[in-house]
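Peer 1: Take this sequence and fold it.
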Amino acid sequence: MRKSCLFIIVGITPFLLLAQSTVTLFNGVDLEGWHIDIPEMDSIPSSINPFIVRNGLLVSLGTPQGHLITDAKYRDFRLEVEYRFASEPGNCGVLVFASTPRSLYKMFPKSIEVQMMHQNAGDFWCIVEDISVDNMLERRGPRNEWGITEGKKRRILNLTDGSEKAVGEWNRMVIECFGNEIKVWVNDDFVNHGYNATANDGQIAVQAEGSEVEFRKLALTPISSLSASEEK
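Peer 2: The predicted structure is shown next:
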């Protein structure tokens with residue numbers, strides 16, 4: 001059940017101020033509170049919605065590609081995500097600070113992606129927004145190739161290997177966003193910390209990016225500071 005909350009209007013977009021309790025973004029029944037953006041559906045009437053609810057799970061079928069996006073915008077939160085690739089390894093991601101749709105490759109909303117791709121969970125991808133980390137040259141490549149649009153080095157490697165569980169097992173990802181910082185844990189391992197992000201609020205999105213992935217939890221809690229790196 002959704003907890004109490006308060007809406008105010010910023011421009012024409014509702015911005016959700018969280019009450020001091022956890023908000024369940026996925027209710028296990030339907031996609032209330034979300035909307036889809038699937039470019040293929042604009043021109044191919046027979047295209048299906050790749051986001052479904054099956055056996056109480058949110059399922060991204062992977063194709064056609066696009067995003068499931070919260071109606072509300074959020075800031076200063078901890079997002080807990082439990083997900084798995086049920087049958088074979090694949091690709092997906094959680095986008096935070098999402099705003100302008102179809103800003104990259106006419107597909108991806110302006111955002112910072114927290115990667116869920118198998119064996120790469122916790123990487124950052126810059127999508128017309130930017131973020132800094134320690135050891136940027138080592139983790140992003142040559143400075144003159146950095147960028148936030150097509151053809152630029154937008155990937156920032158995470159800090160660990162081997163944090164994910166085997167295909168078919170459930171993974172727990174925790175993403176904390178506070179001000180212009182993002183911290184990420186995967187199965188209790190601290191895997192990334194970014195700061196000086198070019199955004200500090202926005203919608204949350206999950207991807208359909210070619211692979212089937214199941215979600216059993218998407219829960220968001222307000223925070224007043226970031227956790228220490230060893231905390232979850």
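Peer 1: What's opposite the residue positioned nearest the centre of the chain in the beta bridge?
Peer 2: Central residue of the chain (Cα atoms, centre = their mean): residue 94, 1.6 Å from the mean position. On the basis of DSSP bridges, residue 94 is bridged to residue 114, residue 206.
Peer 1: got it, and the one 4 residues further on?
Peer 2: Beta-bridge pairing of residue 98, defined through DSSP bridges, involves residue 203.
Peer 1: That one - how many residues pack around it?
Peer 2: 28 (other Cβ atoms under 10 Å). All C-beta spots, glycine's among them, are computed from the backbone N, C-alpha and C.
Peer 1: Give me the pLDDT value at it.
Peer 2: Looking at residue 98, its pLDDT stands at 98.
Peer 1: and what of residue 230?
Peer 2: 76.
Peer 1: just to revisit the earlier point, could you verify my assumption that the residue nearest to the centre of the chain touches residue 177?
Peer 2: No - using Cβ atoms under 8 Å, residue 94 is not in contact with residue 177; the gap is 10.8 Å.
Peer 1: For these two, list the residues in contact with both.
Peer 2: The contact sets of residue 94 and residue 177 overlap at residue 79 (Cβ atoms under 8 Å, 6 or more residues apart in numbering).
Peer 1: From what I see, residue 194 and residue 126 are in contact.
Peer 2: No - in this structure residue 194 lies outside contact range of residue 126 using Cβ under 8 Å: 9.4 Å.
Peer 1: Mind checking which of these two has more residues around it?
Peer 2: residue 126 (25 against 21).
Peer 1: For the host helix or strand of that one, name the packing helices and strands.
Peer 2: Following DSSP states H and E, one finds residue 126 within strand 124-127. Using 3 or more Cβ pairs under 8 Å, 6 or more residues apart in numbering; DSSP states H and E, the elements in contact with strand 124-127 are strand 111-115, strand 155-156.
Peer 1: can you list the ones you listed in a markdown table and add mean neighbour count and mean pLDDT?
Peer 2: Below are these laid out as a markdown table (neighbours: other Cβ atoms under 10 Å; pLDDT from 0 to 100):
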| stretch | mean neighbour count | mean pLDDT |
| --- | --- | --- |
| strand 111-115 | 27 | 98 |
| strand 155-156 | 20 | 98 |
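Peer 1: now these in a markdown table, with distance to residue 85?
Peer 2: Listed next are the helices and strands packed on strand 124-127 as a markdown table, based on distance: least, Cβ to Cβ, whole Å:
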| stretch | distance to residue 85 |
| --- | --- |
| strand 111-115 | 13 |
| strand 155-156 | 20 |
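Peer 1: Go through those strands and name the closest to residue 54.
Peer 2: Of all the helices and strands packed on strand 124-127, strand 111-115 sits nearest to residue 54, with 23.7 Å by Cβ to Cβ.
Peer 1: helices or strands next to the closest one in the packing?
Peer 2: Using 3+ Cβ pairs under 8 Å, 6+ apart: strand 111-115 touches strand 93-98, strand 124-127, strand 181-186.
Peer 1: Looking at those, which is nearest to residue 215?
Peer 2: When the helices and strands packed on strand 111-115 are ranked by proximity to residue 215, the top entry is strand 93-98, at 9.5 Å, counting by Cβ to Cβ.
Peer 1: Kindly export the closest one (C-alpha atoms) in PDB.
Peer 2: The C-alpha coordinates for strand 93-98 follow below in PDB (Å, rounded to 0.1, in the frame of the first residue of the first chain):
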ATOM      1  CA  GLY A  93      19.100  -0.600 -15.600                       C
ATOM      2  CA  VAL A  94      17.600   1.800 -13.100                       C
ATOM      3  CA  LEU A  95      17.600   5.400 -14.100                       C
ATOM      4  CA  VAL A  96      17.500   8.200 -11.500                       C
ATOM      5  CA  PHE A  97      17.200  11.900 -11.900                       C
ATOM      6  CA  ALA A  98      15.300  11.200 -15.200                       C
END
